[in-house]
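J.: give me a 3D structure for the following:
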Amino acid sequence: ANAEAFAVAVTKKTGKSAYHSVVITRKDSGLDSVARLQRKTFAFVDPTSTSGHLFPKAGLLADGFDPDKHFSRVIFSGSHDANIMAVANGKVDGAAVADRIFESAVAKGVVKAEDFQVIWRSQPIPESPMVWRKSLDAATKQKVAAALAEIKDLPWGDQGVLNGFAPTTDKAYDVVRQTAKALSLDLGKMK
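T.: Residues are numbered from 1 along each chain as shown. Reported below is the predicted structural model:
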């Protein structure tokens with residue numbers, strides 16, 4: 001897209017500019033490993049979701065577990081919250097969700113952490129970056145970066161309060177490119 005990443009949000013709650021995809025099951029299900037999910041039902045979020053599909057599918061494949069063959073049924077629920085509730089209500093045996101969204105559901109009292117177990121965790125996934133056009137002049141880039149550096153203490157969606165922006169580069173997103181490559185995906189065709 002002829003754009004380059006230059007900054008990434010950091011929240012007060014996590015102090016990090018990355019998150020993880022996790023696979024969750026009900027603690028009382030006895031499904032305490034990915035291997036035990038064989039021939040069970042599973043929910044991904046959306047085919048183009050980074051933490052709700054791409055990272056968990058690539059990670060499971062790398063661990064020798066093929067979601068297309070080893071689950072008895074796979075659904076795409078459309079949201080991380082729907083995946084959490086599908087596991088909570090026994091509609092599916094396991095699901096992929098972003099750790100921060102699961103933690104938010106627990107903090108809001110929607111579900112209880114002690115009812116679930118995390119049986120798989122991805123490598124860190126970088127948060128969505130702030131980008132600018134590569135050909136933007138250096139003076140404007142400097143002004144934009146300086147303005148972002150002053151922004152703090154604002155509500156930042158379900159992630160809490162913004163602690164500021166950390167510098168980043170396109171290289172930080174190579175892990176996303178590598179994951180897409182492992183799944184033979186064309187990032188240019190994804191939303």
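J.: which elements pack onto the helix ranked longest in the chain?
T.: The helix that spans the most residues within the chain, counting by DSSP state H, is helix 138-149. If you count contacts as 3 or more CB pairs under 8 Å, 6 or more residues apart in numbering; DSSP states H and E, helix 138-149 packs onto strand 3-11, strand 129-133, strand 162-167. C-beta coordinates here come from the backbone N, C-alpha and C atoms, glycine included.
J.: quick one: the helices in the chain?
T.: 55-62, 67-70, 80-88, 99-107, 138-149, 174-182.
J.: what stretches of the protein score poorly on pLDDT?
T.: 158, 185-191 (pLDDT under 70).
J.: could you list the domains of the chain?
T.: Domain assignment of the chain by automatic domain parsing yields the ranges 3-16+127-171, 19-121.
J.: returning to what we had before: now render the helices and strands packed on helix 138-149 as a markdown table, adding distance to residue 84 and mean neighbour count.
T.: Shown next, in a markdown table, are the helices and strands packed on helix 138-149 (distance: least, CB to CB, whole Å; neighbours: other CB atoms under 10 Å):
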| stretch | distance to residue 84 | mean neighbour count |
| --- | --- | --- |
| strand 3-11 | 20 | 19 |
| strand 129-133 | 26 | 16 |
| strand 162-167 | 24 | 17 |
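J.: would you format these as TSV with distance to residue 153 included?
T.: Compiled in TSV, the helices and strands packed on helix 138-149 are given as follows (distance: least, CB to CB, whole Å):
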stretch	distance to residue 153
strand 3-11	11
strand 129-133	17
strand 162-167	7
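J.: closest to residue 117 out of these?
T.: strand 3-11 (25.1 Å; CB to CB).
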